[in-house]
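Asks: Curious how this folds, go ahead:
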Amino acid sequence: MDRAAVEDLFHPFGAVTIKRMFGGLGFYSGGLMFAIEAGGEIYLKTDTENLPQFEARGLRSFSFETKRGMMVTSFRLLPEEAHEDQAELRRWCALALSAAKRAAAAKVKKNTAGQKLTRR
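Replies: Numbering: from 1, shown residues only. Prediction:
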């Protein structure tokens, strides 16, 4: 999938920043990565909250081989109908962006919880 095709695909979702990464592409909205492209396929970010919706559809995880074995990521395949139906694309991308927001909030919370208060 070339860059123009990807930009066209995500156009109904809104402004998306595209960055090259590891031979594929990363898709960002509001500075948060919510999707990736690898091997010509689009995968969306999942977490414990939205994963059941992806699993119910049988959407496979993005995985790749490493020196230590198979690495399975938190990204799941974009449903086929979302490629043709703008409402479906917006719905699934919104689920992925919500997962990215929760991950970012959890990271901030974890980082600030580990900081010690200093007195002057």
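
Asks: In the longest strand along the chain, which residues are buried?
Replies: Longest strand in the chain by number of residues, with DSSP state E as the criterion: strand 69-77. The neighbour-count check on strand 69-77 (16 or more other Cβ atoms under 10 Å) flags 74, 75, 76, 77 as buried. Any C-beta I mention is one placed from the backbone N, CA and C, and that applies to glycine too.

Asks: just checking, residue 24 touches residue 35?
Replies: No - if you go by Cβ atoms under 8 Å, residue 24 and residue 35 don't touch, sitting 10.4 Å apart.

Asks: sorry, back to before: dump the C-alpha coordinates for the longest strand of the chain into CSV.
Replies: Extracted C-alpha coordinates of strand 69-77, given in CSV (Å, rounded to 0.1, in the frame of the first residue of the first chain):
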residue,chain,number,x,y,z
GLY,A,69,11.1,-15.9,18.6
MET,A,70,7.7,-14.6,17.5
MET,A,71,6.8,-11.1,18.8
VAL,A,72,3.0,-10.5,19.0
THR,A,73,2.0,-6.8,19.2
SER,A,74,-1.1,-5.0,20.5
PHE,A,75,-2.0,-4.1,16.9
ARG,A,76,-4.9,-5.9,15.1
LEU,A,77,-5.9,-6.0,11.5
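
Asks: ok, then the element right after it?
Replies: helix 86-113 (DSSP states H and E).

Asks: quick one, that following helix and strand 69-77 angle?
Replies: 130 degrees (axes from the mean of the first three to the mean of the last three Cα atoms, to 10 degrees).

Asks: in helix 86-113, what counts as buried?
Replies: Quick answer for helix 86-113 (16+ other Cβ under 10 Å): 88-89, 92-101, 103.

Asks: Tell me which of residue 24 and residue 35 has more neighbours.
Replies: residue 35 (26 against 18; other Cβ atoms under 10 Å).

Asks: Now do the phi/psi pair for the more buried one.
Replies: phi -150, psi 160 (degrees, to the nearest 10).

Asks: For it, give me its contacts.
Replies: 10, 26, 27, 42, 43, 44, 45, 75, 78, 93, 96 (Cβ atoms under 8 Å, 6 or more residues apart in numbering).
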